[in-house]
Structure formats: structure tokens, C-alpha cells
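Undergrad: give me a model of this one.
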Amino acid sequence: MRIENVILKNLLQNEEYSRKVLPFLKNEYFQDSCERIIFDVIQQFITKYNALPSIEAVIIEIDNNKKISQEEYTRIGELLSNIKEPIEKPNMLWILEETEKFCQDKAIYNAIMNSITILEGKSKTQTKEILPDLLKQALSVSFDSHIGHDFLEDFQTRYDFYHRVEEKIAFDLEYFNKITRGGLSKKSLNIFLGGTGIGKTLAMCHMAAANLMDGKRVLYITMEMAEEKIAERIDANLLNVMLDELETLPKDVYEKKIEKVRAKTAGKLIIKEYPTATAHSGHFRYLINELNLKRDFVPDIIYIDYLNICMSSRVKPGSNINSYTYIKSIAEELRGLAVEKNVPIVSATQTTRSGYTNSDPDLTDTSESFGLPATADFMVALISTEELQDLNQIIVKQLKNRYNDLTIYRRFVIGVDRARMKLYDVEQGAQKDILDGPVMDKTTYEERRKEEETMKWVTKTIGRKDFSSLKVS
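TA: As a prediction, the model looks like this:
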């Protein structure tokens, strides 16, 4: 028996099946014109009366159709005599899977045949530009019967969700794992905020290296530095060698260190460079598909260095649009890509000019667009001062956190080894007066400079005066 007959028979007799598959079935999937006519009658009846038609109702509707030829009428009679036979209760999972496969196969077949017609110039309404969309729509055919969460009826599903262990990409830094409840979630956009030279790229390179050693497949997209420069930083991190020593490292020593790294992990790291402001989420999507096809590489996590110098796939460059809307569009597109590919995406953004000199930045110090923090799932600021640089430390401040309570470990300190491009956990004593402490000094650099100059002048002036003649009563 053909699958088309099974589908029509169950559409007539199996209400549960009909309600699940009818939204996804199309008459164009039935190549036989008689089967297509029967399907149309069943579909129209269910849509109009919200109930399955009887075989008599189908026959009457067909009798009323004056466009059916005698040959077709005879053929339809044979089909109806076959599908009206009572059916045994089918395996619902099996028949749903087979119906879905039928829809997918027919959608692809129809798209290919339509494409051939267009390429041969026989279509009067469609051009070759529509071909990618035709195939994309055909490949995306699938059954999705979920139409919402019933709060009272679906409590068991909800309970299971609460107790399900979510698969996350863990950090190798203690406090980052604490504030994210174990790492970055899939389908999320995560942002580092910081001024120039603070260490945003350093942080992403370190985390990409840690992910690699954890056996993950990592895709690092760079639009600011060359592929080789990013690889150099990751080399310094993984090989525990200072950046300036890599140039003088003997080849045999370098190869031995790489082999040791290879032996410790089953992960993989791909670095891809795009010229600044020339690539958007569409290019990244194509890259991911190409890596899957040519290298059997599907990333577990993606780093994009960095968001503000990406393009938008929806907004044309040079169009009359403000930076708020443009950067927000990029952020939304990247988050959409994260959801589509089921991975976390990590990127970075610059602070404003005032935020660069602010020792306690917040979300308002995000450069160009407040739409970025509005879209991101997780956002932290990296803070560095001269005192922190002397201690080889960076303060991390949470700005937005959809993983956990934002007030828990609002600020914390991590160590930084800039020569080896590494971050590391510091001793607990270094966190004193930082964790959940008072707000830091929010004065700008210019204000602090004037205050220091004033204090120097006062000290210098008082130092010249002789107060020895003053008596204390």
C-alpha cells in the first residue's frame, strides 16, 4: 500500500492523527490528481465543520464537483472503496514519522522540479533569485505540533524542566561559573564590555583555549585581528609561553608542545578572519554550514571579535539609520543565529568615552547602542586601573545576567597574565572588599586628575608655611 493511501485513510478515520498532520499537509504533495481531489475534500470539510467527514460526505462533495472527468470519477471510486475499510489502531509515532518524511520528500522534489522550470525560463512569475529560498523552505519542512504550554495540564513537563540538568559550556574560572550557574547556556548571546586595551580579546582567547582543552569544538571569528594574531595569543596561552618568546622558539620544541596539547584534548578550534565591517550573520551561517559539510565540524561555542564591527544582514550599509538601531539589529541577528545553531555566542563591545575612564561602568556606558544590552543574555564589564595593573588583576562587574541573580557576586577579581594571554583565579583574600561591596568611585578620570592636582597644590603650599609660632591652647 502506498503511503498516500495510508495518509488519506487515517485522515478519514483517525481524528487524533488528522488534527496533528493536517496543518502540514499540502495538496501539492499528492502527485496523483485523484488523491489530490480526495485530500482537498477532506481538508475543506474538517476546516469548515471541525470534524472528520464520513465516506458518504466525501462522495457527495465529489459528485457535486462538475470539473471531474468520468475517468477521474472512476479512479476516485476505486480509491474510496479502498480507504473506507476500517483501520486498526496504528502506531501513532510510526505513522507521524512516516507522514513527516513524506512531506519532506515531496517538498524537496517539488522545489527541485520548480527550480528546473525556472532555470529553463518557463516560469512567467519567478526568477533565478528565488531558487535559494525555494530550497531553504523545502528543507525546513517539519512537524511542530506544539502550540503553547498549558499551565495546569502541562505541570509534569514543567517539573521535569526544573529538574533537568542543562547542558552548558563551563568556564575554567571559579566565579564565572558561580554567576552563570555552571557556564554559558546554548542559544544565548554573551557580551564583554570594556575600553580599548582592557583585555576583551585576551578574555575571549583564554576562554576559547579553555573550551578547546575541555574537548569542545570552538569557532573563533575575528574581524579585528588577523587569524595568525589570534592563533598566536592562543598559542601563548596553551603552550604557557610568553608572546615575545614564540618568535624565538625552536621548531622542534614548538612541535612537541603542540603534540602535548593535541594529546590532551579531543576538541577542535577553527579561527576564521573577515575584513572589518564586511560580514554579518548570513556569512557566519554559511561558514558554519561549510565547516559541517567540508570538515565535519559543528561548533559547540562561537566567539565573534567583535560585535560592533560586524555588518547587519537586514540594514544596508550607508543607509540613513542611527547607530542604536544598527547595533541592535546586529545583536538581534547574532542572538538569532545562536538560537538557530543551538550554541552560545560570545562577543564584545566598547565602552563610551566617559565609560573608558569610569572605574565603575554600567549599562549606560555601552557604546553606540543601548539596544545591545537590551538584547544580550549575559553582559559583564572588565575594569582595569593602574593599581590593578600593578597587581596583574582585572575587576569583573556583572551588568546583566539571565542565568542567575545579578546581585550575587556583583563584582569579583580575576588574575591576568598578559604576557601569556591567560586569566586565572586569585586567592580568596584578593576578593576582600570587592564581592558585593559598595559602589566603586564613579568619578571620571578628569575629575580625579583635578582633585589630585588640587591636593598636590595644597600640600605644597602648606609645606612652605612655618606654623611653629602657632600655640595650641
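
Undergrad: is Ser142 in a helix, a strand, or coil?
TA: coil (DSSP: H, G, I helix; E, B strand; the rest coil).

Undergrad: which ones are touching the nearest residue to it once chain neighbours are set aside?
TA: Spatial nearest neighbour of Ser142, chain neighbours left out: Glu100 (6.6 Å); criterion: Cβ to Cβ, 6 or more residues apart in numbering. Placement of C-beta: from N, CA and C, glycine included. Counting by Cβ atoms under 8 Å, 6 or more residues apart in numbering, Glu100 makes contact with 24, 142-143.

Undergrad: now the residues you listed: which count as buried?
TA: Buried by 16 or more other Cβ atoms under 10 Å: Phe24, out of those.

Undergrad: save the contacts of Glu100 as a markdown table, and put in distance to Ile38 too.
TA: Below are those laid out as a markdown table (distance: Cβ to Cβ, whole Å):
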| residue | distance to Ile38 |
| --- | --- |
| Phe24 | 18 |
| Ser142 | 25 |
| Phe143 | 21 |
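
Undergrad: any chance of a markdown table for the contacts of Glu100, columns distance to Glu427 and pLDDT?
TA: Listed next are the contacts of Glu100 as a markdown table, based on distance: Cβ to Cβ, whole Å; pLDDT from 0 to 100:
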| residue | distance to Glu427 | pLDDT |
| --- | --- | --- |
| Phe24 | 59 | 88 |
| Ser142 | 52 | 78 |
| Phe143 | 55 | 76 |
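
Undergrad: from the contacts of Glu100, pick the one nearest Asn392.
TA: Comparing these against Asn392 with Cβ to Cβ places Ser142 closest, at 51.7 Å.

Undergrad: next up, phi/psi of the closest one, please.
TA: Note on Ser142: backbone dihedrals following degrees, to the nearest 10 are phi -160, psi 160.

Undergrad: pretty sure it is touching Gln104, no?
TA: Yes: the criterion here is Cβ atoms under 8 Å, and Ser142 meets it with Gln104 at 7.2 Å.

Undergrad: low-confidence ranges, the stretch 1-150 of the chain, go.
TA: The stretch 1-150 of the chain contains residues with pLDDT under 70 at 1, 144-147.

Undergrad: please enumerate the helices of it.
TA: 3-13, 15-21, 33-49, 55-63, 70-83, 92-119, 131-139 (DSSP state H, counting those that start in this stretch).

Undergrad: repeat that for the stretch 301-450 of the chain.
TA: Remark: helices assigned in the stretch 301-450 of the chain by DSSP H, counting those that start in this stretch are 323-341, 353-356, 371-375, 386-390, 445-464.

Undergrad: kindly report the domain assignment for this structure.
TA: Using automatic domain parsing, the domain parsing of the chain gives 3-139, 168-446.

Undergrad: next, count neighbours for Asn110.
TA: Neighbour count for Asn110, taken as other Cβ atoms under 10 Å: 16.

Undergrad: please apply the same query to Lys200.
TA: Neighbours of Lys200 (other Cβ under 10 Å): 22.

Undergrad: I'd say it and Phe192 touch.
TA: Yes: counting by Cβ under 8 Å, Phe192 is a contact partner of Lys200 at 4.8 Å.

Undergrad: so what sits against both of those two?
TA: By Cβ under 8 Å, 6+ apart, the residues touching both Lys200 and Phe192 are 348, 382.

Undergrad: list the contacts for the spatially closest residue to Leu8 that is not a sequence neighbour?
TA: Residue nearest to Leu8 in three dimensions, not counting chain neighbours: Ile83, with 5.1 Å by Cβ to Cβ, 6+ apart. Residues near Ile83 by Cβ under 8 Å, 6+ apart: 5, 8-9, 12, 38.

Undergrad: gap between the closest residue to Tyr324 other than its chain neighbours and Asp362?
TA: Distances taken as Cβ to Cβ, 6+ apart place Ser369 nearest to Tyr324, at 4.4 Å, with adjacent residues excluded. The gap separating Ser369 from Asp362 is 15 Å, by Cβ to Cβ, to the nearest Å.

Undergrad: which of the two has more residues huddled nearby?
TA: Ser369 (22 against 15).

Undergrad: strands of the stretch 251-400 of the chain, residue ranges please.
TA: Along the stretch 251-400 of the chain, the stretches classed as strands by DSSP state E, counting those that start in this stretch are 268-273, 301-305, 344-350, 378-383, 393-401.

Undergrad: so who does the residue most central in space within the chain touch?
TA: Note on the chain: the residue nearest the mean C-alpha position is Ala338, at 1.1 Å, using Cα atoms, centre = their mean. By Cβ under 8 Å, 6+ apart, the residues touching Ala338 are 186-189, 302, 344-345.

Undergrad: got a markdown table for those, with distance to Glu16, pLDDT and neighbour count too?
TA: Compiled in a markdown table, the contacts of Ala338 are given as follows (distance: Cβ to Cβ, whole Å; pLDDT from 0 to 100; neighbours: other Cβ atoms under 10 Å):
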| residue | distance to Glu16 | pLDDT | neighbour count |
| --- | --- | --- | --- |
| Lys186 | 32 | 95 | 17 |
| Lys187 | 31 | 94 | 16 |
| Ser188 | 36 | 96 | 21 |
| Leu189 | 39 | 97 | 26 |
| Ile302 | 41 | 98 | 24 |
| Pro344 | 38 | 97 | 24 |
| Ile345 | 40 | 97 | 29 |
